[in-house]
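# Model the following, please.
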Amino acid sequence: MSGNNLAEGSNPSEAQMSGAEVIAQSLKTQDVNYMFGIVGIPVTEIALATQKLGIRYVGMRNEQAACYAASAVGYLTGRYMECCLPPPICMAETSAVYVAASLLRNAKQPLLIIGKGAAYAHAEHSIRKLVEQCKLPFLPTPMGKGVIPDNHPNCVGAARSRALQLADVIVLFGARLNWILHFGLPPRYQPDVKFIQVDICAEELGNNVRPAVALLGDINAVTQQLLEQFDKIPWQYPPESKWWKILREKMKSNEAASKELASQKSLPMNYYTVFYHVQEQLPRDCFVVSEGANTMDIGRTVLQNYLPRHRLDAGTFGTMGVGLGFAIAAAVVAKDRNPGQRVICVEGDSAFGFSGMEVETICRYNLPIVLLVVNNNGIYQGLDIDTWKDMLKFGDATTVAPPVCLLPHSHYEHVMTAFGGKGYFVQTPEELQKSLRQSLADMTKPSLINIMIEPQAMRKAQDFHWLTRSKI
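Alright, predicted model coming up:
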């Protein structure tokens, strides 16, 4: 009877492959190395089958965190997702490159903006050569940090607003004129500023502002084309120009203002005090993952990046909840590629709440991530515990508590200790320094440092106050 069910020519001794095994073999054939997911029918069977073939499976606690982790692996490893074909390495039209080079040569106040696209394109060497050969000022977008080290003498990130507002020719290397760059419009920019837009995506060229020159192509290849133009006719922007003087003076004053805030001895601490002490101990080659409101915005200005593709944050869409998934992905990649490389995940207390249960995932796989939760008891701003208690005398929290407030003095470090990691509750610079030093020295366990700060702490005064003003 059973023999009648065999397909003609089949070998009854061959074991039948399950659907899960077919999928697993397909993934292995395509050289997939990592999987992130949530088990359940049929994912459990697929996960088991992939593990048998040597694919690393990381079981997460939430589908969105699994997706964030998988997307981060693609960014960190430079591998395309299996459903995508690698695009060709294309170059821009030679005539357009010539026009772009001419515009730069004639610029009185030039500026380069290095975006996430430059990091994706692995264009760090060619862009750095252009910056140094032509003596040009540059500033990075949040995930463009590290393409050229933040401590490079030509980086004008500390004078960001002034640089954007006064530049007359701006080259965009994989940076897009979205909300992060204020859409390229006045008053953040000169009304007649000329943009040279370098991008691999044709649909992005001319979004919000029509560029003076559009260079469609691989960012690394196009940068090399620009270098060829400046090799043919050598040119350098004068390092002692009035423009450089304006930028250096603004950088100096902004850095002094931040340093003054960082040196304040009052308790609870402010953001700048916290980040300056963190910066002092950060390994130069670490991955920095960051999300939050003020935590991410202020941290970006203080925490330095020295290597490309070593900063991950909420990105173009400001997506909260990405942090722990990104950190897990970075730790898994680091474990394979560079054991000993640290992952520092800097979270606002509100942002931590989106994916906080992934701490269990971190502990289950014993990923030595250092989590810093900058805790101001709220979203943007919170209340201290005494004010919170007094407020509740006037009614139920649903009617009297400001919507931006979270429960004061929450001990997030207990989430980590509950799963076997190390937790620290810190309130002073000395406690912060000690706990961070101990966490970085211990590669055997993950840790979470719950850092209490002033609930009403804010950014330093801004030239354009869209990040500090409130409509409440």
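
# alpha carbons only for contacts and neighbour counts from here, please
Fine.

# what helix or strand does Asn450 sit in?
strand 447-452 (DSSP states H and E).

# Kindly format the C-alpha coordinates of that strand as PDB.
Taking Å, rounded to 0.1, in the frame of the first residue of the first chain, the C-alpha atoms of strand 447-452 are listed here in PDB:
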ATOM      1  CA  SER A 447      24.700  45.700  33.000                       C
ATOM      2  CA  LEU A 448      22.100  48.500  33.300                       C
ATOM      3  CA  ILE A 449      23.000  51.800  34.900                       C
ATOM      4  CA  ASN A 450      19.900  53.700  36.000                       C
ATOM      5  CA  ILE A 451      21.100  57.400  36.000                       C
ATOM      6  CA  MET A 452      18.800  59.800  37.900                       C
END
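
# So which residues make contact with that strand?
268-269, 368-376, 409, 411-413, 416, 421-427, 432, 435-436, 439 (Cα atoms under 8 Å, 6 or more residues apart in numbering).

# Does the most centrally placed residue in the chain have any beta-bridge partners, and if so which?
In the chain, the residue lying closest to the centroid (Cα atoms, centre = their mean) is Leu312, at 2.3 Å. Using DSSP bridges, the beta-bridge partners of Leu312 come out as Val289.

# quick one on the thing from earlier: now list the buried members of the contacts of strand 447-452.
When those are checked for burial by 16 or more other Cα atoms under 10 Å, the buried set is 268-269, 368-376, 411-413, 416, 421-427, 432, 435-436, 439.

# thinking again about what came up before, among the contacts of strand 447-452, which lie within strands?
Residues of the contacts of strand 447-452 located in strands (DSSP state E): Val370, Leu371, Leu372, Val373, Val374, Asn375, Lys422, Gly423, Tyr424, Phe425, Val426.

# which one of these sits closest to Ala351?
Checking the ones in strands among the contacts of strand 447-452 against Ala351 by Cα to Cα gives Val373 as the nearest, at 9.0 Å.

# residues in contact with that closest one?
Going by Cα under 8 Å, 6+ apart, Val373 touches Val346, Glu347, Gly348, Asp349, Phe352, Tyr412, Leu448, Ile449, Asn450, Ile451.

# What of Tyr424?
Glu413, Ser435, Ser447, Leu448, Ile449, Asn450.

# can you pull up the bridge partners for it?
When bridges are called by DSSP bridges, Tyr424 pairs up with Ile449.

# Please report the distance of it from Asp384.
Using Cα to Cα, to the nearest Å, one gets 20 Å for the distance from Tyr424 to Asp384.

# before we move on, back to that, which members of the contacts of Val373 are the farthest-apart pair?
Within the contacts of Val373, Val346 and Tyr412 form the most distant pair, 13.4 Å apart (Cα to Cα).

# State the mean pLDDT of the longest helix along the chain.
With DSSP state H setting the assignment, residue counts place helix 242-262 as the longest helix in the chain. Taken as a whole, helix 242-262 has a mean pLDDT of 97.

# do the same with stretch 441-458
Rounded mean pLDDT across stretch 441-458 is 96.

# so which helix or strand takes in Asn151?
Using DSSP H and E, Asn151 is not contained in any helix or strand.

# and it, how many neighbours?
Using other Cα atoms under 10 Å, Asn151 has 13 neighbouring residues.

# Can you give me every residue that contacts it?
Shown in contact with Asn151 (Cα under 8 Å, 6+ apart): Gln304, Tyr306.

# at 10 Å what do you get?
Contact analysis of Asn151 by Cα atoms under 10 Å, 6 or more residues apart in numbering lists Gly157, Gln304, Asn305, Tyr306.

# Specify the beta-bridge partners of Val346.
Beta-bridge partners, per DSSP bridges, of Val346: Ser290, Leu372.

# for the contacts of Val373, which one is nearest Gln109?
Looking across those and measuring by Cα to Cα, the closest to Gln109 is Val346, at 35.2 Å.

# Now do the domain split for this structure, please.
94-247, 263-467 (automatic domain parsing).

# Report the distance from the shortest one to the chain centre.
This means domain 94-247. Centroid displacement of domain 94-247 relative to its chain, using Cα atoms, centre = their mean, to the nearest Å, is 20 Å.

# Could you do stretch 300-315 as well?
6 Å.

# what does stretch 326-340 give?
With Cα atoms, centre = their mean, you get 15 Å for stretch 326-340.

# where does this structure have low pLDDT?
For the chain, the stretches flagged by pLDDT under 70 are 1-14, 80-88, 460-472.

# thinking again about what came up before, which of the contacts of Val373 count as buried?
Using 16+ other Cα under 10 Å as the burial test, those include Val346, Glu347, Gly348, Asp349, Phe352, Tyr412, Leu448, Ile449, Asn450, Ile451 as buried.
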